[in-house]
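Q: Need a 3D model of the following:
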Amino acid sequence: IVAASNGVNITDGLDGLAGGTLAFAFVSFMIIALLNVPAQPNIAFLCALIIGALLGFLWFNVHPAQVFMGDSGSLSLGAVLAVIALITGQILVLPIIGLIFVVETMSDIIQIGYFKVSGGKRVFRMAPLHHHFELGGWDEEKITLRFWIVAILAGLLGVTLFMASINALA
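A: Model (predicted):
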């Protein structure tokens, strides 16, 4: 729960980045909750409510942002995502569905570790990874959309693995 919460918090650095990737992750867990055996309609409904709230939030959070998520939103939504993964019994697919959060966190850990070991050298221009691309000349919108695409693909892969595990048990 703490890792997912902090992963989302680290990702919350560009307009629309955390909100969009979270929306896709909650869509994946909504599908998992509906297809789980037994089905968990209450969890799916909670995911749908959060997706709706995130979409309303994104209306005002995409570049240029008028409203910000901040630590309160990112930490709590990351924790809720992890709790839903636990309740559905699919905690092992959470790192796949939340691939963006894992990669962003790992880029931070790698950067800090390498900086300390190498005496001040860096692996990335800046960590977390979205800032590395920003310093590389990519527009904020380009980074956000590409991360959203990766989040969609990761969510599809997570749901596919969930379905494969259900079919293997049947």
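Q: any idea how far I149 lies from F24?
A: 10 Å (C-beta to C-beta, to the nearest Å). C-betas here are computed from N, CA, C, even on glycine.
Q: ok, now V93?
A: 14 Å.
Q: before we move on, back to that, could you check which of I149 and F24 has the larger neighbour count?
A: Between I149 and F24, F24 has the larger neighbour count (other C-beta atoms under 10 Å), namely 23 against 11.
Q: pretty sure the more buried one is in contact with A151, am I right?
A: Yes. The pair F24 / A151 is scored as a contact, 4.3 Å apart, by C-beta atoms under 8 Å.
Q: for this protein, which helix is longest?
A: helix 140-169 (DSSP state H).
Q: Which secondary structure elements does that one sit against?
A: Here helix 140-169 touches helix 17-35, helix 94-97, helix 99-118, helix 129-135, going by 3 or more C-beta pairs under 8 Å, 6 or more residues apart in numbering; DSSP states H and E.
Q: Quick one: residues in contact with the third one.
A: The list of residues contacting helix 99-118 from outside it, by C-beta atoms under 8 Å, 6 or more residues apart in numbering, reads 3-4, 6-8, 10-11, 21, 78, 95, 121-124, 126-130, 132, 147, 150-151, 154.
Q: try 7 Å this time
A: With C-beta atoms under 7 Å, 6 or more residues apart in numbering as the test, helix 99-118 has contacts from 4, 6-8, 10-11, 21, 95, 121-124, 127-130, 147, 150-151, 154.
Q: Filter those down to the buried ones.
A: Listed as buried from the contacts of helix 99-118 are 4, 6-8, 10-11, 21, 95, 124, 127-130, 147, 151, 154; burial here means 16 or more other C-beta atoms under 10 Å.
Q: Among those, which pair sits farthest apart?
A: A4 and F124 (22.2 Å; C-beta to C-beta).
Q: For stretch 94-108, buried residues please.
A: With burial defined by 16+ other C-beta under 10 Å, the residues of stretch 94-108 counted as buried are 94-105, 107-108.
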